[in-house]
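Colleague: Kindly generate the corresponding structure for this input.
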Amino acid sequence: MNEFRLDLTVRDYECDLQGIVNNATYLNYLEHTRHEFLKSLGIDFAGMHQQGIDLVVVRSEVDYKYSLTSGDSFYVTLKMALEGRIRIVFYQDIFRLPDNKPIIKGKITGTALSSQGRPFLPDEIKEILLKI
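Modeller: Have a look, this model is predicted:
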């Protein structure tokens with residue numbers, strides 16, 4: 001699969017009293033990138049929910065390497081892989097610009113839940129993801 005990339009900039013309100021990006025905010029950056037990636041594939045997150053299918057995170061592994069500060073430009077990369085029958089793994093990294101300094105290394109595992117709460121991966125999603 002080709003690597004997906006999203007460029008962003010740190011906003012003042014994302015920083016804590018130390019003047020660095022709060023740890024939880026990095027998870028928002030990773031999630032926003034996953035949503036943009038899925039949208040680029042024609043997968044409508046909100047539309048799926050209306051159909052009774054919810055895409056959910058079941059595990060997050062994040063290694064914090066260095067901190068971003070207000071105004072820093074950075075990018076998030078994403079590579080995706082299917083794992084087993086019902087899991088999608090997103091390998092995501094964050095790098096500061098312009099020096100490409102590694103900030104975060106992450107592995108986010110997700111699946112889909114039916115309206116009955118059962119984990120599965122819809123065929124239409126598998127088909128799209130297997131093409132990339």
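Colleague: remind me, longest helix of the chain?
Modeller: Taking DSSP state H as the criterion, the chain has its longest helix at helix 23-40.
Colleague: Could I get the buried residue list for the helix or strand that that helix is followed by?
Modeller: Going down the chain from helix 23-40, the next helix or strand is helix 45-50, by DSSP states H and E. For helix 45-50, a neighbour-count test (16 or more other C-beta atoms under 10 Å) marks Met48 as buried. No exception for glycine: its C-beta is placed from N, CA and C like everyone else's.
Colleague: got a list of contacts for the following helix or strand past helix 45-50?
Modeller: Where DSSP H and E defines the elements, the next helix or strand beyond helix 45-50 is strand 54-64. Defining contact as C-beta atoms under 8 Å, 6 or more residues apart in numbering, one finds that strand 54-64 is touched by 23, 26-27, 30-31, 38, 45, 48, 87, 103-113, 119.
Colleague: now strand 54-64 and helix 23-40, what's the angle there?
Modeller: Angle of strand 54-64 versus helix 23-40, following axes from the mean of the first three to the mean of the last three C-alpha atoms, to 10 degrees, is 130 degrees.
Colleague: residues of strand 54-64 that come out buried?
Modeller: Residues of strand 54-64 classed as buried by neighbour count (16+ other C-beta under 10 Å): 55, 62.
Colleague: Isn't Ile125 up against Ala112?
Modeller: Yes: with contacts counted by C-beta atoms under 8 Å, Ile125 reaches Ala112, the gap being 6.8 Å.
Colleague: List the residues that contact Ser70.
Modeller: Contacts of Ser70 (C-beta under 8 Å, 6+ apart): 10-12, 14-15, 19.
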